[in-house]
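Novice: One predicted model, sequence on top.
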Amino acid sequence: MKITSYEVDKLNDPTGIITGDRYEFLLGIEVPEDDELFDETNSLDLRVILVIEDSEARIVQYHFINRSNGKVLDFGLEEEEEAIVLAFCKEHYNDII
């Protein structure tokens, strides 16, 4: 899996119920042909919710989306892939435009 593009937004909690800061990432991804997620159109996104709390970062939710039709795909990240995504998000969560 290769991250080819990304967008990031900070999520606001107007109620103040949720602790920590939450960021939503929309990652454009490319997967190799031998991966079960492979799509010839290469139109896959990964939506990730990252929480930063007490200097700790963690992924609290993610799902794959078929970019061409908006459908959520029922696949999970492997441990190694999740570590790559977490590292990427930690590096870029302050890149809000």
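Specialist: It's in. Numbering: from 1, shown residues only.
Novice: Against which helices or strands is the helix or strand containing His63 packed?
Specialist: Here His63 sits within strand 56-66, counting by DSSP states H and E. The contact analysis (3 or more Cβ pairs under 8 Å, 6 or more residues apart in numbering; DSSP states H and E) places strand 56-66 against strand 44-53, strand 72-73, helix 79-92. C-beta: built from backbone N, CA, C; applies to glycine.
Novice: For the shortest one, which strands pair with it and how are they oriented?
Specialist: In this case it means strand 72-73. If you go by DSSP bridges, strand 72-73 pairs up with strand 56-66 (antiparallel).
Novice: what's the burial count for Glu7?
Specialist: 14 (other Cβ atoms under 10 Å).
Novice: Ok, Val48 next?
Specialist: Per other Cβ under 10 Å, the neighbour tally for Val48 reads 23.
Novice: What does the pLDDT read for it?
Specialist: Looking at Val48, its pLDDT reads 97.
Novice: Quick check: it touching Ala87?
Specialist: No: with contact defined as Cβ atoms under 8 Å, Val48 does not reach Ala87; the gap is 11.9 Å.
Novice: Lowest-scoring secondary structure element of this protein by mean pLDDT?
Specialist: In the chain, the helix or strand scored least confidently by mean pLDDT, DSSP states H and E is strand 72-73, which has a mean of 90.
Novice: Now find how far off-centre it is within its chain.
Specialist: Centroid separation between strand 72-73 and its chain, computed with Cα atoms, centre = their mean, to the nearest Å, is 13 Å.
Novice: Please list the residues outside it that contact it.
Specialist: 37, 44, 63-66 (Cβ atoms under 8 Å, 6 or more residues apart in numbering).
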